[in-house]
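> using only what follows, build the 3D model:
(chains A and B)
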Amino acid sequence: MADKLRIGSGAGYAGDRLGPALELMRHGNLDYIGFECLAERTIALAQREKDRNPTAGYNPMLAYRMEHVLPLAHQNRIGVVSNMGAANPAGALDVAASIARQHRLRGMRLAAVTGDDVLDQIRRQPELEILETGEPLGSLSDRIVSANAYLGIGPILEALRNGAQVILTGRVADPALFLAPMVHAFGWDTRDYGLLGRGTLVGHLLECAGQISGGYFADPGKKDVPNLWDLGFPFAEVTPDGNGFIGKLDGSGGRVSTATVTEQMLYEIHDPSAYLTPDCIADFSRVRLKATGKDRVAFSDAGGMPPTDTYKVSVGYRNGYLGEGQMSYGGANCLERARQAGDLVRRWLRPYSGEIEDLRVDLIGLDSLGPAGDSAQGAAPREIRLRVAGRTPDRQLAQLIANEVEALYTNGPAAGGGASKRVEELVSVASVLLPKSAVRTQATYREI
Amino acid sequence: MMKLHELAHSRTGDKGNISNISVVAYRLENYDLLRERLTADRVAAHFASRGVTRVLRYELPQLGALNFVLYDALSGGVTSATTLDKHGKTLSSYLLQMEI
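Sure, this is the predicted structure:
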């Protein structure tokens, strides 16, 4: 068994930068690297793509990343775990294996993890309750396009035990990408929930990559981050008791401090004493952090309890269309002209008010983001961008919203400029719980 | 009176129609002041115009941190909202504008 493990983080979202991940693989003395690339809705959109083209549906940057990552993984013996399989892990495995073959990475074993796609199972259970609304799942009926369970470490662990060096999954709980290698390398008992809770903390800290090493942190003059342009991605060095430290490469930009680690620890957390994952209920409420050197923060005292007997399932469903148009006003009296323009578009859309939901008329630069009443008083703005957006049942009406804003050119107040418009099919996400016993997971392999 | 921005830093996360906002004291000795002044009720009032229905507060004294959970804060949720910042990523900075 290993006496310590170094796990790096290579991506914090689907489109993340690759350079810092490769630097970490070159110089980080890593045992494993995880790439977290699936947001709440990404897999539903990927499923729509796969419906149109059965060989698509995995992360669009997969081939680009694998071209660079696989040779380094082979050379430095680094295990790679990623959810870049998205809606098509088997297709992703084909792509990765073909790249590994081109590079003649002999002996490399790659795996795909499947079983998270539970669309067939949930179609047979229209009585399942939607967690967000309390409505039965059947109320979404034929609008459902995807259903994916947040799997745990089980099938990743199976692939690791069978010698896989590169593992591509669909939907798994984000921390599982990092927890599975720890359980494997340290031989942890998967019923030792204290250990799993500590490993889950490591996974949670790493899953957003640069967000713990100085990314998404800088507030100039208040919270400064050195050389943010050269942000180094983080790694964790973990001991068999599940404690360890977060660090980044010497000489890279960014910053690892108790402040950056605390922000990331609480990111997307509700009750810190009960972070629900498929592998355990992790307890971060008593976590201690200590700066132990330059850009090094030690963590300890996470805990864990047994998990529930259900998987959370994200159900993607078609939810109409978003229509959006924007137009800018600047210079003398721009705020009044922007307000008049907004009123005009509202007036033009009045005949459709029964069909348009959540129509918003925003003045970007004044009131588009914050709570109402927060808009700065006093000095007149030098420019304002009008934004009108609404949700519609059909594409034509969404297009109309977008067009009416553009029409302000010749029909609205003076000197609007820089119109833009956009129509997007909306795929929304609802959550249900599915008994774990209803889900079968599987790992498949390719050998180079 | 001073702004929360002087004493603490903050990050927002999102899940569905729920936003969580962490508030972390720069100096541990200011944690008690934050705990006393930055109540769940005050945060709820600060974001009332966004339709927030309920705010819960969790305390992590050893880290000088509070974690606020805001229900119905994201105009229906990240995947269906028509708002510009669907995730509510910018809310943390709006909270830091609060006078303490």
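> what's the single longest strand in chain A?
strand A:310-330 (DSSP state E).
> each with direction, which strands does that strand pair with?
strand A:144-149 (antiparallel), strand A:383-392 (antiparallel), strand A:417-435 (antiparallel) (DSSP bridges).
> mind putting these in CSV, mean pLDDT and mean neighbour count included?
C-beta: built from backbone N, CA, C; applies to glycine. Shown next, in CSV, are the strands paired with strand A:310-330 (pLDDT from 0 to 100; neighbours: other C-beta atoms under 10 Å in any protein chain shown):
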stretch, mean pLDDT, mean neighbour count
strand A:144-149, 96, 24
strand A:383-392, 98, 24
strand A:417-435, 96, 17
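> want to throw those into TSV with distance to residue A:70?
Formatted as TSV, the strands paired with strand A:310-330 follow (distance: least, C-beta to C-beta, whole Å):
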stretch	distance to residue A:70
strand A:144-149	26
strand A:383-392	42
strand A:417-435	31
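> which stretch among those comes nearest residue A:35?
In terms of C-beta to C-beta, the element of those nearest to residue A:35 is strand A:144-149, at 17.8 Å.
> so what touches the closest one?
A:43-44, A:47-48, A:51, A:87, A:115-119, A:121-123, A:137, A:170-171, A:311-318, A:427, A:432, A:434, A:439 (C-beta atoms under 8 Å, 6 or more residues apart in numbering or on different chains).
> mind listing the helices for chain B?
Ranges of helices within chain B are B:4-7, B:31-37, B:40-46, B:91-96, based on DSSP state H.
> for the record, mean pLDDT for the shortest one?
If I follow you right, that is helix B:4-7. Average pLDDT, helix B:4-7: 97.
> near chain A at all, it?
Yes. Using C-beta under 8 Å from any C-beta of the partner chain, helix B:4-7 reaches chain A at residue B:5.
> tell me which residues in that helix are buried?
Across helix B:4-7, burial judged by 16 or more other C-beta atoms under 10 Å in any protein chain shown covers B:4, B:5, B:7.
> among these, which one lies nearest to chain A?
Chain A lies nearest to residue B:5 out of these, by C-beta to the nearest C-beta, at 7.0 Å.
> tell me the contacts of that closest one?
A:222, B:96, B:97.
> now, of those residues, which are buried?
residue B:96.
> looks like residue B:96 contacts residue B:4 (just checking).
Yes. The criterion here is C-beta atoms under 8 Å, and residue B:96 meets it with residue B:4 at 4.9 Å.
> common neighbours of the two, please.
Common neighbours of residue B:96 and residue B:4 (criterion: C-beta under 8 Å, 6+ apart): residue B:10.
> find the centremost residue of chain B, please.
residue B:21 (3.7 Å; C-alpha atoms, centre = their mean).
> that one: what's it in contact with?
With C-beta under 8 Å, 6+ apart, residue B:21 has these contacts: B:10, B:11, B:12, B:13, B:43, B:67, B:68, B:70, B:91, B:92, B:95.
> can you show me the strands along chain B?
Using DSSP E, strands in chain B cover B:8-15, B:18-25, B:54-60, B:65-71.
> can you list the strands that the second one pairs with?
What that stands for is strand B:18-25. strand B:8-15 (antiparallel), strand B:65-71 (antiparallel).
> over to the third one?
Applying DSSP bridges to the sheet, strand B:54-60 is found paired with strand B:65-71 (antiparallel).
> distance from the chain centre to the partner strand, please.
Computed by C-alpha atoms, centre = their mean, to the nearest Å, the chain-centroid distance of strand B:65-71 equals 6 Å.
> ditto for stretch A:35-53
Here stretch A:35-53 is found 11 Å from its chain centre; the criterion is C-alpha atoms, centre = their mean.
> in it, what's buried?
For stretch A:35-53, by 16+ other C-beta under 10 Å, it's A:35-50.
> are any of the contacts of residue B:21 buried, and which?
If we count by 16+ other C-beta under 10 Å, the contacts of residue B:21 have these buried: B:10, B:11, B:12, B:13, B:43, B:67, B:68, B:70, B:91, B:92, B:95.
> picking up where we left off before, any chance of CSV for the buried residues of helix B:4-7, columns distance to residue A:301?
Shown next, in CSV, are these (distance: C-beta to C-beta, whole Å):
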residue, distance to residue A:301
B:4, 28
B:5, 30
B:7, 25
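> quick check: residue A:260 touching residue A:210?
No. Under the criterion of C-beta under 8 Å, residue A:260 is not in contact with residue A:210, lying 9.9 Å apart.
> quick check: which element contains residue A:160?
Element membership for residue A:160 (DSSP states H and E) is helix A:154-161.
> now do residue A:40, the pLDDT please.
82.
> do residue A:43 as well
Value for residue A:43, per-residue pLDDT: 88.
> gap between the two ends of stretch B:66-85?
23 Å (C-alpha to C-alpha, to the nearest Å).
> how far does it sit from its chain's centre?
On C-alpha atoms, centre = their mean, the centre of stretch B:66-85 falls 12 Å from the chain's centre.
> and what of stretch A:418-427?
For stretch A:418-427, the distance to the chain centre is 22 Å (C-alpha atoms, centre = their mean).
> show me the contacts for the residue lying closest to residue A:429 once chain neighbours are set aside.
Spatially, and ignoring its direct neighbours in sequence, residue A:429 is nearest to residue B:79 (4.6 Å; C-beta to C-beta, 6 or more residues apart in numbering or on different chains). Listed by C-beta under 8 Å, 6+ apart, the contact partners of residue B:79 are A:40, A:41, A:319, A:426, A:427, A:428, A:429, B:86.
> how near is the first one to residue A:427?
Plainly put, residue A:40 is 11 Å away from residue A:427 if you go by C-beta to C-beta, to the nearest Å.
> just the helices in the stretch 1-150 of chain A please.
A:19-27, A:42-52, A:62-76, A:89-102, A:119-123 (DSSP state H, counting those that start in this stretch).
> I'd like the helices of chain B as CSV, with distance to residue A:304 appended.
Output for the helices of chain B, formatted as CSV (distance: least, C-beta to C-beta, whole Å):
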stretch, distance to residue A:304
helix B:4-7, 33
helix B:31-37, 26
helix B:40-46, 27
helix B:91-96, 28
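> show me what contacts residue A:75?
Residue A:75 makes contact with no residue, according to C-beta under 8 Å, 6+ apart.
> what do you get for residue A:167?
Residue A:167 sits in contact with A:79, A:80, A:81, A:82, A:110, A:111, A:112, A:113, A:156, A:159, A:160, A:443, where contact means C-beta under 8 Å, 6+ apart.
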